[in-house]
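1. quick one, structure for this:
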Amino acid sequence: MIAEAGHFALWLAVGVTLVLGTVPLLGAQRGRADWMALARPATHVLLGLIIVAYGCLMVSFINNDFSVMNVASHSNSQLPLMYRIAASWGSHEGSLLLWLLMQAGWAWAVASFSKNLPLPVLSRILSVMGLLTLSFLLFVLFTSNPFDRLFPVPADGRDLNPQLQDPGMIFHPPMLYMGYVGMSVAFAFAVAALIGGNLDAQWARWSRPWTTVAWAFLTFGIALGSWWAYYELGWGGWWFWDAVENASFMPWLVATALIHSLAVTEKRGSFKSWTVLLAIMGYSLALLGTFLVRSGVITSVHSFASDPARGAFILVMLAITVGAALALYAWRAPKVGLGARFTSVSRESMLLANNVLLIVAMAAVMLGTLYPLMLDALGLGKISVGAPYFDAVFVPIMAVLVFFMGVGPLARWKNDALPALAVRLRWAAGVTVVSAALTAWIGGNIGLGSVVGLLMAYWIVFSVLTELWERVRPSGGMRANVLHRLGQVPRATVGMMVAHVGVAVFVFGVTMVGTYDIERDVAMAPGDSTTVNGYTFTYQGAQPVTGPNYQATRGHLVVTRGGVQVSDMYPEKRIYKVQRNPMTEAAIDSRIRGDLYVQLGEPLPGDKWLVRIWVKPFVSWIWVGCLFMGLGGMWAVTDRRYRARATRDALDNAGVVSAAR
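-> Numbering: from 1, shown residues only. The predicted structure follows:
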C-alpha cells in the first residue's frame with residue numbers, strides 16, 4: 001500500500017500543478033487578486049505531496065520491499081542502510097522523483113521568501129514553475145514510474161551499482177540537482193518578466209539572489225562529482241571531459257555569465273535582453289543534460305537510462321519549453337531598451353567580454369560533446385573527442401577570460417580611461433609576473449602552458465588584492481581605521497572576491513598537478529620498496545577483509561620520507577557478493593602540498609601485486625577552489641542591500657495595494 005500511496009500522491013500533484021500553472025497566471029493577466037492568491041498555498045500543497053511520494057519510495061527501500069521494481073533493481077537486503085536510502089535516488093526513476101522534490105522545494109522557497117514581490121509578478125513566476133513541474137510529473141508517471149510493481153516478487157534485490165556504494169552518492173546527486181533545478185528559478189523569473197513586460201532593474205534585483213544560490217549549488221555539485229570520481233574510479237584523474245560531466249559544466253558556464261549579466265542589468269539597466277536569453281539558455285542546457293543522461297545516446301558511468309522513448313519525451317519537453325520561451329523573447333525583445341550607454345573601456349565592457357567568452361567556451365564544450373553523437377546518429381562513423389581537443393580549445397579562451405576577470409572589477413561603470421586603469425593595475429601585473437617566474441624557477445621542468453596557468457592564478461589574486469586595497473586604504477588625508485573600512489565592504493563585493501580567489505586557487509591546483517603529476521606502476525612482493533618523488537613506499541603484504549556486502553583484499557603500504565614514516569596506506573580490491581563486480585578502492589593521503597594516491601592492481605605470480613602509485617602536487621586545491629567559489633556566491637546573497645531593497649519593495653507594493661483598495 002505504501003507504493004500505491006506514493007503513486008496516488010503524484011497524481012494529486014498533477015492536479016495541483018494544473019491549477020498552479022494556469023489560475024494564478026490568468027489572474028495576473030486579468031487583475032484577479034483572488035486567483036493570484038492561490039499561487040502560494042498551491043506551492044505548499046505541491047511540496048507536501050511530493051514529500052509524501054518521495055517518503056513512500058524511501059520507506060520502500062528501507063523496508064526492502066522487493067515487490068517494487070525500482071527497489072528490486074537497485075537495492076539488496078545486505079546493502080547498508082545509508083546506501084539503501086541513497087539508492088532511492090540511484091536509479092533513473094528515483095532520481096527523477098528527487099528532481100521533482102527539488103523543483104517543488106524551489107517553488108516553495110520562492111513563494112515563502114519573496115514576499116517583497118508584487119503579487120502579479122510572483123503569480124507568474126510560480127505558474128511557470130508549476131508548468132515545469134507538471135512536465136516532469138507527466139514524464140515520471142508515463143515513462144518512469146518509480147512505484148511500478150514486480151510479480152513474482154523476487155527473494156532479494158539485484159543490489160545497487162557497486163560504484164555508487166560510496167558516501168559521495170549521498171551528497172553529490174542532491175547537491176547537483178539543487179543547482180540543475182535551481183536554473184528553473186532563473187528561467188521562471190525571465191519568462192514571467194517577458195509575460196508581464198517588466199524587464200527592468202527591479203526584475204534583475206529580484207532574480208539575482210536566486211540565480212546566485214542556484215549557481216553556488218551547481219558549483220558544489222560539480223566539485224563533489226569531480227572529487228568522488230577522483231577517489232572512487234581509481235584512475236587518479238579529476239576531470240575526464242566525459243559527456244555527462246560536460247552536461248553539467250555547460251549550464252554552469254552559462255549560469256556564471258548570467259549572474260554577471262544580472263549585476264549589470266540591476267546596476268546600470270543594460271544587457272536586459274542578453275540577460276533574459278542567458279536565463280533561457282541556462283535552463284535549456286539543464287534539460288539537454290537530462291536528455292544526454294537518460295536517453296541512451298551515451299554510455300557513461302554517470303548515465304542513468306538507455307530508453308529512447310524517454311529521450312524522445314525529454315526532447316519534446318525541451319522543444320515546447322524552450323520554444324515557448326524563445327517565442328516570448330522574440331515578441332518582447334524588440335521593445336526592450338538598450339539601457340544606459342557605456343564606452344569600450346568600462347566595467348560593462350569587461351563584463352560583456354567575459355560573458356561572450358563564457359558562451360564561446362560553452363559552445364566549444366557543446367561541440368566536442370555533441371559532434372561525435374551526431375556523427376554516430378547519422379551513421380557517419382564513430383569518433384572520440386577527448387582531452388586534447390578540450391585543452392587546446394578551452395584553455396586559451398579561459399586565459400583571456402581570466403585577464404578580463406582581473407581588470408573588470410577595477411574598471412569604473414560607464415566610462416574609464418585605459419591609461420588610468422593600467423596605472424592602478426601596474427603593481428598587480430608586476431607582482432604577478434615575478435611570482436609566476438619564481439614559482440616556475442622553484443618547481444623547475446615547466447612548460448609554456450604551465451607558466452600561463454601560474455600567470456592566470458597570480459593575476460586573479462593580486463588584482464583582487466588591488467581592488468581590496470583601494471577600498472580600505474585611508475583617503476583624503478584621513479587616518480581611518482583599515483579594519484573599520486574592511487567591515488564596510490559590501491558582502492556582495494566580498495563574496496565576489498572570495499569566488500574570484502577560488503578561481504585562482506582552482507587554476508593553481510590544475511596547473512601544478514598537470515605539470516608535476518608523477519605516476520609509477522610497480523610489481524611488489526611483501527618487503528619491496530620503491531621511491532617516488534622523495535617518498536618511499538614499502539609494500540607490507542595483503543590480507544583478506546570482509547565487508548557488509550563484499551569480500552576484499554586489502555594491501556598495506558608504509559610510506560616514509562627521509563627515513564620518517566609519514567603514512568600507512570590501505571588500498572583495496574573488492575568483489576561485491578551480488579553483482580560480483582570487481583572494484584578498486586584507492587588509498588589516498590591528502591596533504592596541503594599534494595596527495596599520495598595508491599591503487600591495488602592485479603595479483604601476479606609469487607605473492608606479488610601490481611601497485612600503481614601517484615604523487616599529485618596540490619590536487620586538493622582544485623576542490624578547495626571550487627569550495628571558495630560556492631561559498632563566495634552564498635556570502636554575496638547575504639548582502640544587506642538585498643534585504644533593505646526587499647523591505648522597500650514590500651512597502652511600495654503594500655502602498656500600491658492600499659491605493660488600489
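
2. ok, the nearest residue to V489 once chain neighbours are set aside to V498 distance?
-> Distances taken as Cβ to Cβ, 6 or more residues apart in numbering put R471 closest to V489, at 5.5 Å, once the chain neighbours are dropped. All C-beta spots, glycine's among them, are computed from the backbone N, C-alpha and C. Between R471 and V498 the computed distance is 14 Å (Cβ to Cβ, to the nearest Å).

3. the more surrounded of those two?
-> Neighbour count, other Cβ atoms under 10 Å: between R471 and V498, V498 has more, with 20 against 15.

4. distance of the more buried one relative to L483?
-> In terms of Cβ to Cβ, V498 sits 18 Å off from L483.

5. tell me the contacts of the residue nearest to V489?
-> 485-486, 489, 493 (Cβ atoms under 8 Å, 6 or more residues apart in numbering).

6. and P167, how many residues sit next to it?
-> The local packing of P167 (other Cβ under 10 Å) involves 12 other residues.

7. who's in contact with it?
-> If you count contacts by Cβ under 8 Å, 6+ apart, P167 has them with M82.

8. can you tell me how far it is from I85?
-> From P167 to I85 the distance is 12 Å (Cβ to Cβ).

9. which residue ranges form the helices in the stretch 101-250 of the chain?
-> For the stretch 101-250 of the chain, the helices defined by DSSP state H, counting those that start in this stretch cover 119-143, 167-196, 201-232, 243-268.

10. can you name the residues bridging to the residue nearest to Y516 when sequence neighbours are not counted?
-> Distances taken as Cβ to Cβ, 6+ apart put P617 closest to Y516, at 4.5 Å, once the chain neighbours are dropped. Under the criterion DSSP bridges, P617 forms beta bridges with G594.

11. how near is P617 to I442?
-> From P617 to I442 the distance is 12 Å (Cβ to Cβ).

12. so between the two, which is more surrounded?
-> Neighbours per residue, other Cβ under 10 Å: of P617 and I442, the larger number sits with P617, 21 against 8.

13. quick one: buried residues of the strand or helix carrying V505?
-> Following DSSP states H and E, one finds V505 within helix 491-516. Residues of helix 491-516 classed as buried: 492, 494-516 (neighbour count, 16 or more other Cβ atoms under 10 Å).

14. same thing with stretch 250-259?
-> Using 16+ other Cβ under 10 Å as the test for burial, stretch 250-259 gives 250-259.

15. OK, contacts around S346?
-> 411-416.

16. please disregard the earlier target; I meant L557.
-> L557 neighbours (Cβ under 8 Å, 6+ apart): 537-540, 568-571, 587, 598, 611.

17. any idea which of the residues you listed is closest to V191?
-> A587 (49.7 Å; Cβ to Cβ).

18. the closest one: neighbour count?
-> 21.

19. who's in contact with it?
-> Applying Cβ under 8 Å, 6+ apart, the residues near A587 are 555, 557, 569-572, 597-599.

20. now a ChimeraX select for only the buried ones of those residues.
-> Here is the ChimeraX command that picks out the buried ones among those, judged by 16+ other Cβ under 10 Å:
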select :555,557,569,570,571,572,597,598,599
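
21. ok, now how distant is the nearest residue to S114 once chain neighbours are set aside from W215?
-> Spatial nearest neighbour of S114, excluding adjacent residues (Cβ to Cβ, 6+ apart): L122 at 5.9 Å. To W215, L122 is 22 Å away according to Cβ to Cβ.

22. which one of those two is surrounded by more residues?
-> The neighbour count for L122 versus W215, taken as other Cβ under 10 Å, is higher for W215 (27 against 23).
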